[in-house]
Each structure stands twice: as C-alpha cells, then as structure tokens.
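A.B. asks: here's my sequence, what's the structure:
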Amino acid sequence: MPADIVLDAVRGISGKNKVDGFTITGGEPFLQPEALAELLPELRRISGDILVYTGFEYEQLKDRYEDLLGMITVLIDGRYIESRNTNCFLRGSDNQNIRILDPSYRDFYQNYISSGKNQIQNFPARNGFISVGIHQVDYRRKLAENLAAKGILVD
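C.D. replies: Numbering: from 1, shown residues only. Predicted coordinates:
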C-alpha cells in the first residue's frame, strides 16, 4: 500500500483519537526504504513512539539506514523462526532482539518490557475479524477448536 494512503488513514484516525505510538511490521519495512522514509517523519509528528519489526539484523542496517534508524524508537530485529516462538514479550521468536534506539524512551520501555506480556487484540472486519499481536505457534489450532466448540467451522 502506498505511503500516502497509509498517512491519509493515520491522519484521519489521529485527528479524532489520541495515538500514543505506532508499530510497523511486514512486509519487510527495510525492503521499502523510500516508503519508510516518507512515513517515519510524519508518524513522529503524531507520536515519538515508533516500534519497527525487521527480519534484518541491526548490524546489517546501521550504516546504510542510519537516518531511518534515527527516527525509530524501538527496533525488533532478527528473522522470525517459528520453532523459536516461545511467547517471549514483544518478539515473535526468542532469537530476535529488542533495541531501544531512542534514549528518551529507555526508562519507559525497560519498565514496559519487565512488566509486560503479549496480548492479542481482535477487531471485527467486513468478512470476519482481524487479529493483531504476537500469536503463539498453536494459535490457529486453538482458535479453530474454540470456534468449533461454538459450532463455527473454519477452513
């Protein structure tokens, strides 16, 4: 989706609601550096708290994308490995790193990380629902079982 469409939606939402932060996930953000460069400054005008997930390692990004990294509050780096999904907080798999890049958020995130646990949010959509968050490996199976217990069958 083009950055200008995303920004129009964000502006519409933030004009009517308090936005305390943004999370950017895949497709891989750093494979779209032009769009990321367009998004980040605009998002920072709304909230300084921007968390970005990438499959790349920080070391692969730090020289080439120093300007983009400078606009990111927290970077979760490293490839997602399903077999290492141990329900660790903020990370899809335990090989990933939480890197607090903006020192002004260090205390906030250190407290948040030490007291947090992964949560899933479900939102109704036109043709079902959207489930947001870091899901455990067996999430789809458990969801299907819970729905089947209520007489709802899914493919």
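A.B. asks: contacts for stretch 113-130?
C.D. replies: Applying C-beta atoms under 8 Å, 6 or more residues apart in numbering, the contact partners of stretch 113-130 are Asn87, Phe89, Leu90, Ile98, Ser131, Val132, Gly133, Ile134, His135, Tyr139. From N, CA and C alone the C-beta is placed, and that goes for glycine too.
A.B. asks: quick one, which of the residues you listed are buried?
C.D. replies: Leu90, Ile98, Ile134, His135 (16 or more other C-beta atoms under 10 Å).
A.B. asks: ok, the last one - contacts?
C.D. replies: Meaning His135. Contacts of His135 (C-beta under 8 Å, 6+ apart): Ile120.
A.B. asks: what's the spacing between it and Ala37?
C.D. replies: Here His135 is placed at a distance of 30 Å from Ala37 (C-beta to C-beta, to the nearest Å).
A.B. asks: what do you get for Thr23?
C.D. replies: 18 Å.
A.B. asks: related to what we said a few turns ago, looking at the buried ones among the contacts of stretch 113-130, which are in strands?
C.D. replies: Of these, the ones assigned to strands by DSSP state E are Ile98.
A.B. asks: distance to Gly55 and pLDDT for the buried ones among the contacts of stretch 113-130 - can I get that in JSON lines?
C.D. replies: Formatted as JSON lines, these follow (distance: C-beta to C-beta, whole Å; pLDDT from 0 to 100):
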{"residue": "Leu90", "distance to Gly55": "15", "pLDDT": "91"}
{"residue": "Ile98", "distance to Gly55": "15", "pLDDT": "96"}
{"residue": "Ile134", "distance to Gly55": "15", "pLDDT": "73"}
{"residue": "His135", "distance to Gly55": "17", "pLDDT": "74"}
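A.B. asks: and the buried ones among the contacts of stretch 113-130, which two are furthest apart?
C.D. replies: Largest separation among those by C-beta to C-beta: Ile98 and His135, giving 18.1 Å.
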